[in-house]
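1. test case, fold it:
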Amino acid sequence: EWQKLNYDIYSLRQIRREVRNRWKRILEDLGFQKEADSLLSVTKLSTISDSQNTKQAREILLKLAEETSIFPTSWELSERYLFVVDRLIALDAAEEFFKIASRTYPKKPGVPCLADGQKELHYLPLPSP
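-> Residues are numbered from 1 along each chain as shown. Model (predicted):
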């Protein structure tokens, strides 16, 4: 029982690390070599820079999940990446990030973009102001 739990925790951490490394690689390709880690750093004190960007950030994040393989198919979208996309919008780099993500991590044909049994992508709640 404990071995299975430890394995599941290890697997989840590996997946998170892989996703973070994919994002970091794209940020570095965009020219954010020094800023990549800080752009990806999200804490409970993080805020959305502009509430008007929230809708656009959510749309870009869903588009990334649907049209690229930057996230694993079983991945539930994390609010963490909503903050990152918001930062990219503020830097006017969100669309370019999506273009690079589409080229670097294209959606593989024949691979479903939703987890087994999942009917639709989970939408992220709006962060509290």
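
2. which stretches of the protein form helices?
-> In the chain, the helices defined using DSSP state H lie at 2-29, 36-40, 53-67, 79-90, 94-104.

3. which elements pack onto the shortest one?
-> Yep, that's helix 36-40 we're talking about. With contacts defined as 3 or more Cβ pairs under 8 Å, 6 or more residues apart in numbering; DSSP states H and E, helix 36-40 has these neighbours: helix 2-29, helix 79-90. For glycine as for every other residue, the C-beta is placed from the backbone atoms N, C-alpha and C.

4. which of those sits closest to Ser102?
-> Ser102 lies closest, by Cβ to Cβ, to one member of these: helix 2-29, at 10.2 Å.

5. which positions in the closest one come out as buried?
-> The neighbour-count check on helix 2-29 (16 or more other Cβ atoms under 10 Å) flags 19-20, 22-27, 29 as buried.
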